[in-house]
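Student: Sequence and predicted model, in that order:
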There are 2 protein chains.
Amino acid sequence: MDPRVREHAQILADAVDLGEGDDLIIKTEPVADDLLVAVYEIAGDRGANPVAVRTNRSGRAIRGYLRAADEADVEFETPGHEQALVEEADCHIIIRANENVTELSDVDGDVNTEYDKAHSPILDERLSDPWTLTQHPTPANAQLAEMSTAAYENFVYDAMLKDWDEQREFQSNMVDILNDGEEVRIVSGDTTDVTMSIAGNIAINDTNKHNIPGGEVFTAPVPESVEGEVLFDKPVYQRGQEVLDARLAFEDGEVVDHGASKNEDVLTSILETDPGARRLGELGIGMNRDIDRFTYNMLFDEKMGDTVHMAVGRAYEANVGEDNEQNESAQHVDMIVDMSEDSRIEVDGEVVQRNGTFRFEDGFEE
Amino acid sequence: MDPRVREHAQILADAVDLGEGDDLIIKTEPVADDLLVAVYEIAGDRGANPVAVRTNRSGRAIRGYLRAADEADVEFETPGHEQALVEEADCHIIIRANENVTELSDVDGDVNTEYDKAHSPILDERLSDPWTLTQHPTPANAQLAEMSTAAYENFVYDAMLKDWDEQREFQSNMVDILNDGEEVRIVSGDTTDVTMSIAGNIAINDTNKHNIPGGEVFTAPVPESVEGEVLFDKPVYQRGQEVLDARLAFEDGEVVDHGASKNEDVLTSILETDPGARRLGELGIGMNRDIDRFTYNMLFDEKMGDTVHMAVGRAYEANVGEDNEQNESAQHVDMIVDMSEDSRIEVDGEVVQRNGTFRFEDGFEE
């Protein structure tokens, strides 16, 4: 086994603080078996109790299930047994790994959305425990990134297995700025100019906790405060389909207009899930510069240096200040804006990043 | 996909009477993915809710877990989250499928036994619901059977996809004999001569319910009634290890002496699990003549024509008459006696099978 797989597993176990007697759920796919083995080894060593469950998010099985359920006009419900499993669990490691990233491309988007909605109470349960989400580098994920498998493995492990003390320090500068600020404005070219309040909400320094790799600073906008337009110039990759040039226009926090140059219907279906799916749940700043290319994988793309991302849908509870509203939704879909050129982030009117360089770095142009 | 896989899945779904809203657990391994896809398709069609969980009985992950837990001197406990999952489930499909049948061969037998004991309440829960156990034909299982993968697939599907009405009729003759009888004697050569009471217990006609393939008639001995000696002349294959010529001697229903010509320690470890593991929980008569060879797989071997099998450990509740005792154990290990030559089954002193031919068949010698 590649020794980096065991290092990866160690990071995952530490992210959920896995300890003796902990009832652990590992959501995984067969193609990530090496990583599963490594996690099981650590679970054994620490006296935890692992149960490995299919993600039901990718793969031929869930594709067959959803198509058959669509054909039979099934109304999805929240499965009581899966809910009980998650309720009784202490922590959760979710491993993404694809054999074919386009496996769900012939499943109707609405069916997928209905399935997600029915499973939303289970997601709520999971998010109330320690959890972490990661990627195992498979040939199909390498293909999506337009890379060889070996080069993709290097990319993935470089992004994960790094000096996290140094990275934490770097990111903390941005955490402080956001936590001291009240209004954020994101401007890029003449297509993106959006403002939002983050007053009273909590910026989090993401260094290998809920996402492996970490590498972002993220907070929640006050839902009704978002105003303006955003063009997400990096592709949004959902359910094996690529939404290009996704565009959202906000008034009073709500998406009042949207469009895309490709697969607009996928975007529409996401936005129509529930009222919360038409509002922002997250604002994130990508700061992991080992992620130096777009790989059609949000887990990496959103951490990429010189980007910001916004998610429609659910806000993370940890980001929401006690007097503020938490945006609720069955969705949480991140979308990215490239900030490397002709772009700036302002906090309370002060420019804190220009063309990808932060105020607290050398080379920042006032 | 081989069309026989979908036929197989249909039998599994029917065996647990899978219906709308049923919370289904599928215990499976990656190498059985074709069958999982087919079961998911049926679950979607019927509006059931499938969750796919690793069996934790084979494979590299559980091997790594058990070895690490052994090294760390972990005391196993019943995982609350897995128990909750099984408690809330409505039905269970267990798919055996190996990538390497000897994967657990370097796990200490006692550790495996302790793990099984800790999971015994979960097994109890599962057995109280509709459940079925089957095999997916993998290259490793073909190798164990000393067959090509294609020939093994034919063997597996021939044993499963047959005229079950006819088979049911054939087996019902033996069910009637056992349900009308009180004492069974099994004699084979000069190495096996064992008697047991089955008075008040219930013989079951196994035609594709708990085991796919079916093909046996089975009942439970009255635990303290078993007397005599048995040489199991077919190998007992447990945890990747082959116990040869397992021999048990019974007094007042308890194993008072045992031996084997190979891997006797594996047998010892099974018998020492708990008091119930030293008593018989099952007597079965193999009647599926499409199973015409020994394949080192009890699910098939025990159904082989011209054999009987006895299991140490847990008795099935359905076999136990209301005034009789149910043998309890964390184990249920079947062992086979070849009855094709120099052998007979007697019920209440009357020979009902001689050298593999039943009293109710042509060619029976009085």
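Tutor: Arrived safely.

Student: Is A:Gln83 within a helix or a strand, and which one?
Tutor: helix A:80-88 (DSSP states H and E).

Student: touching chain B at all, that helix?
Tutor: Yes - if you take C-beta under 8 Å from any C-beta of the partner chain as the test, helix A:80-88 does meet chain B, through A:Gly80, A:His81, A:Glu82, A:Gln83, A:Ala84, A:Leu85, A:Val86, A:Glu87, A:Glu88. In this view, the C-beta of every residue, glycine as well, is placed from N, C-alpha and C.

Student: Could you grab the helix/strand/coil label for the residue of the stretch 251-366 of chain A found nearest chain B?
Tutor: In the stretch 251-366 of chain A, the residue that lies nearest chain B is A:Ala330 (16.8 Å; C-beta to the nearest C-beta). Under DSSP: H, G, I helix; E, B strand; the rest coil, the three-state class of A:Ala330 is coil.

Student: list the contacts for A:His119?
Tutor: A:Asn56, A:Phe76, A:Thr78, A:Pro79, A:Glu82, A:Ala330 (C-beta atoms under 8 Å, 6 or more residues apart in numbering or on different chains).

Student: Which among those residues count as buried?
Tutor: The neighbour count (16 or more other C-beta atoms under 10 Å in any protein chain shown) marks A:Asn56, A:Phe76, A:Pro79, A:Glu82, A:Ala330 as buried among the contacts of A:His119.

Student: residues in contact with the last one?
Tutor: Each residue near A:Ala330 by C-beta under 8 Å, 6+ apart is listed here: A:Thr113, A:Asp116, A:Lys117, A:His119, A:Ser120, A:Leu123, A:Thr273, A:Asp274, A:Gly276, A:Ala277, A:Gly313, A:Arg314.

Student: next one: the strand or helix carrying the first one to chain centre, how far?
Tutor: Taking DSSP H and E as the criterion, A:Thr113 maps to helix A:109-118. When C-alpha coordinates are averaged (C-alpha atoms, centre = their mean, to the nearest Å), helix A:109-118 and its chain have centres 18 Å apart.

Student: For chain B, tell me whether it is touching it.
Tutor: No - using C-beta under 8 Å from any C-beta, helix A:109-118 never reaches chain B; the gap is at least 8.8 Å.

Student: And the next helix-or-strand element following that helix, what does it pack against?
Tutor: From helix A:109-118 onward toward the C-terminus, using DSSP H and E, the following helix or strand is helix A:120-127. Contact here means 3 or more C-beta pairs under 8 Å, 6 or more residues apart in numbering or on different chains; DSSP states H and E; on that basis helix A:120-127 packs against helix A:80-88.

Student: quick one: buried residues of the helix it packs on?
Tutor: A:Gly80, A:His81, A:Glu82, A:Gln83, A:Ala84, A:Leu85, A:Val86, A:Glu87, A:Glu88.

Student: what about the stretch 1-150 of chain A, any weak spots by pLDDT?
Tutor: Counting by pLDDT under 70, the stretch 1-150 of chain A shows no low-confidence range.

Student: Okay, helices next: where are they in it?
Tutor: Taking DSSP state H, counting those that start in this stretch as the criterion, the stretch 1-150 of chain A carries its helices at A:3-15, A:33-46, A:60-71, A:80-88, A:109-118, A:120-127, A:139-144, A:149-160.

Student: any idea which residue of chain A is furthest from its center?
Tutor: A:Ala72 (32.1 Å; C-alpha atoms, centre = their mean).

Student: List the residues that contact it.
Tutor: Counting by C-beta under 8 Å, 6+ apart, A:Ala72 makes contact with B:Gly44, B:Asp45, B:Arg46, B:Gly47.

Student: Over to A:Gln353?
Tutor: A:Gln353 makes contact with A:Ile285, A:Met339, A:Ser343, A:Arg344, A:Ile345, A:Arg359 under the criterion C-beta under 8 Å, 6+ apart.

Student: Can you list phi and psi of it for me?
Tutor: Note on A:Gln353: its backbone torsions stand at phi -150, psi 140 [degrees, to the nearest 10].

Student: which residues are contacting the helix holding A:Thr113?
Tutor: Against helix A:109-118 from outside (C-beta under 8 Å, 6+ apart): A:66-67, A:69-70, A:75-78, A:104, A:239, A:265-266, A:269-270, A:272-274, A:330-331.

Student: Can you list the low-confidence ranges for the stretch 251-366 of chain A?
Tutor: Judged against pLDDT under 70, the stretch 251-366 of chain A has no low-scoring part.

Student: burial count for the closest residue to A:Gly19 other than its chain neighbours?
Tutor: Residue nearest to A:Gly19 in three dimensions, not counting chain neighbours: A:Arg46, with 6.0 Å by C-beta to C-beta, 6 or more residues apart in numbering or on different chains. A:Arg46: 18 surrounding residues under other C-beta atoms under 10 Å in any protein chain shown.

Student: A:Arg46 and B:Pro275: what is the separation?
Tutor: From A:Arg46 across to B:Pro275, the span is 32 Å (C-beta to C-beta, to the nearest Å).

Student: likewise A:Gly356?
Tutor: In this view, A:Gly356 and B:Pro275 are 71 Å apart by C-beta to C-beta.

Student: Kindly report the same for A:Leu178.
Tutor: In terms of C-beta to C-beta, A:Leu178 sits 64 Å off from B:Pro275.
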